[in-house]
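Asks: No sequence on hand, only this structure:
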């Protein structure tokens with residue numbers, strides 16, 4: 001319980017990346033807080049494969065990350081979100097890169113319960129090993145859904 005209170009306190013001042021409006025539907029992630037809890041994923045996949053990451057009752061302050069890490073070359077690799085759906089639809093979520101060594105997190109927020117055909121640039125993400133994650137920063141509700149993604 002104390003850990004949860006500390007997580008909520010740490011997350012209250014988190015800044016989010018703003019999605020850039022463009023024809024290509026690109027978003028550029030920005031560094032956000034790296035203090036939250038994880039729900040482990042059991043998938044293990046190659047870098048370019050279409051991958052699904054599901055999450056159930058993901059509470060505020062928690063992230064569901066892939067079990068695989070991906071070596072990302074800054075400004076070269078891009079994350080393609082084929083689809084991201086969740087309920088309740090009024091809840092905001094973020095798709096994030098979490099550095100495997102440092103825990104630093106670069107995230108792009110989404111709202112509305114459904115996102116498709118979006119591309120996340122890595123220009124602001126330093127080259128290195130990363131997890132892909134879905135993060136419930138805002139709360140107040142737990143969320144359930146799925147992310148389908150690949151690297152391009």
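Replies: The structure has been received and is ready for your questions. What you see is a predicted model; the values in this text were computed from it and never measured.

Asks: Residues in contact with the helix or strand hosting residue 150: which ones?
Replies: For residue 150, the element it lies in under DSSP states H and E is strand 143-151. By CB atoms under 8 Å, 6 or more residues apart in numbering, the surrounding residues in contact with strand 143-151 are 47-58, 70, 72, 77-88, 91, 93, 95, 132, 134, 136. Backbone N, C-alpha and C define where each C-beta goes, glycine included.

Asks: Which neighbours in the sheet does that strand have, and how are they oriented?
Replies: strand 51-58 (antiparallel), strand 78-87 (antiparallel) (DSSP bridges).

Asks: in it, what's buried?
Replies: 143, 145, 147-151 (16 or more other CB atoms under 10 Å).

Asks: returning to that earlier point: kindly supply the ChimeraX command isolating those of the contacts of strand 143-151 that are buried.
Replies: Buried residues within those, by 16+ other CB under 10 Å, are selected in ChimeraX with:
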select :51,53,55,58,70,72,77,78,79,80,81,84,85,86,91,93,95,132,134,136
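
Asks: Ramachandran angles for residue 107?
Replies: Residue 107 adopts backbone torsions of phi -130, psi 150, taken as degrees, to the nearest 10.

Asks: Pull up the per-residue confidence for it.
Replies: If you check residue 107, the pLDDT there is 94.
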